[in-house]
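Enquirer: mind looking at a prediction? Sequence and model below.
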Amino acid sequence: MGSGTSRDQEFGDYYAARGASLRATAYLLCGDWHLADDLTQTAFTKLYLAWPRIQRKEPVDRYVRRTLLRVFLDERRRPWRRERPTAEFADLDPASPAATGRVDDRLLLRRALAAVPARQRAVLVLRFWEDLSVEETAEVLGISPGTVKSQAARGLETLRRRLGVPDNASVGKE
């Protein structure tokens, strides 16, 4: 019983430390707080089942990010997820902390990000929200670094177009 209890405690500590961050990443991927909760819960459930194996083999953050992205992409293929919530309630999250910046700007950016295709959005979220390198993003998504770069460029182009930012602006450029 001792090893199971310590395993549960370690997992609980990891969830307490990373759960909110992963939920925010899920929200940026899907644009819906309720779906973000579902995606996060599914990713952490899969992580819990693989917990003993993961701790010995690879970094936990990498595994849970990859799992979240796979769950997100799988959810997009399901027919019932093609329905869209009304704009009136889509951006409400009573549990989210107050963020800095103007609310209108954040809503505009979220809507623009939602217009980016799912794989490009995943690259943008990992690169610019999670602050992963090109190589780390490629590893999480199981694609080449060149594909990460091209998907990021296309995704940023879509964001700029949706936001009305000129092509020569430095949005997202490093």
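Expert: All right, it came through fine.

Enquirer: can you list the low-confidence ranges for the protein?
Expert: The chain contains residues with pLDDT under 70 at 1-4, 55-58, 77-103, 167-174.

Enquirer: most centrally placed residue in it?
Expert: By Cα atoms, centre = their mean, the chain has its centre lying nearest to residue 25, at 3.2 Å.

Enquirer: show me what the one helix or strand it maps to is packed against.
Expert: Element membership of residue 25 [criterion: DSSP states H and E] is helix 2-30. If you count contacts as 3 or more Cβ pairs under 8 Å, 6 or more residues apart in numbering; DSSP states H and E, helix 2-30 packs onto helix 33-57, helix 60-77, helix 118-124. For the C-beta atoms, the positions are set from N, CA and C on the backbone; glycine is no exception.

Enquirer: the closest residue to residue 67 other than its chain neighbours: how many residues sit nearby?
Expert: In this structure, residue 67 finds its nearest non-sequential neighbour in residue 43, 4.6 Å apart by Cβ to Cβ, 6 or more residues apart in numbering. Neighbours of residue 43 under the rule other Cβ atoms under 10 Å: 25.

Enquirer: then the one 5 residues further on?
Expert: With neighbours defined by other Cβ under 10 Å, the count for residue 48 comes to 16.

Enquirer: how far away is the closest residue to it other than its chain neighbours from residue 114?
Expert: Leaving aside its sequence neighbours, residue 48 sits nearest to residue 11 (Cβ to Cβ, 6+ apart; 5.7 Å). Distance of residue 11 to residue 114, given as Cβ to Cβ, to the nearest Å: 32 Å.
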